[in-house]
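> could you work out the structure for the sequence below:
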Amino acid sequence: MKPVRILQVVTVMNRGGLETMIMNYYRQMDRNSIQFDFMVHRSGKGHYDDEIIALGGRIHHMPQIRPGSYRLYFKRLDAFFAEHPEYALVHAHINENSSFVLRAARKAGVPCR
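Numbering: from 1, shown residues only. Modelled structure (predicted):
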């Protein structure tokens, strides 16, 4: 049986409070049952990226969210969820911008957000 894939939406996976907490959970959980993947909003490599890949996770890059580029971002989100129907759960950690991702996930039929 394949693990349930959960999409963690963050800015970048560097050494921060939230990122370190997620990694502590990720290291300890049964990754045969549950697998974390990450949507990051920076083009550069994050501190935890190599470890995420080694633990079986995937990293999806999105552009930074900036005023003036919302329409393009929304289109990229819609395309992302159309290409990745495997996510049963989306957990967004990007403050006021989480609503953008969660709305796109709902529109794509992700059951748990």
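
> now do the strands in this protein.
Counting by DSSP state E, residue ranges of the strands within the chain are 4-9, 34-40, 59-61, 87-92.

> and Arg5, what does it touch?
Residues in contact with Arg5 (Cβ atoms under 8 Å, 6 or more residues apart in numbering) are 35-37, 86-88. Every residue, glycine included, has its C-beta placed from N, CA and C.

> what's opposite it in the beta bridge?
Arg5 has these beta-bridge partners by DSSP bridges: Gln35, Tyr87.

> could you export the strands of the chain as JSON lines, including mean pLDDT and distance to Tyr25?
Shown next, in JSON lines, are those (pLDDT from 0 to 100; distance: least, Cβ to Cβ, whole Å):
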{"stretch": "strand 4-9", "mean pLDDT": "98", "distance to Tyr25": "10"}
{"stretch": "strand 34-40", "mean pLDDT": "98", "distance to Tyr25": "8"}
{"stretch": "strand 59-61", "mean pLDDT": "98", "distance to Tyr25": "17"}
{"stretch": "strand 87-92", "mean pLDDT": "96", "distance to Tyr25": "11"}
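
> got a markdown table for these, with distance to Ser69 too?
Shown next, in a markdown table, are those (distance: least, Cβ to Cβ, whole Å):
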| stretch | distance to Ser69 |
| --- | --- |
| strand 4-9 | 17 |
| strand 34-40 | 16 |
| strand 59-61 | 15 |
| strand 87-92 | 18 |
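
> nearest to Met21, out of these?
Proximity to Met21, assessed across those by Cβ to Cβ, is greatest for strand 4-9 (10.9 Å).
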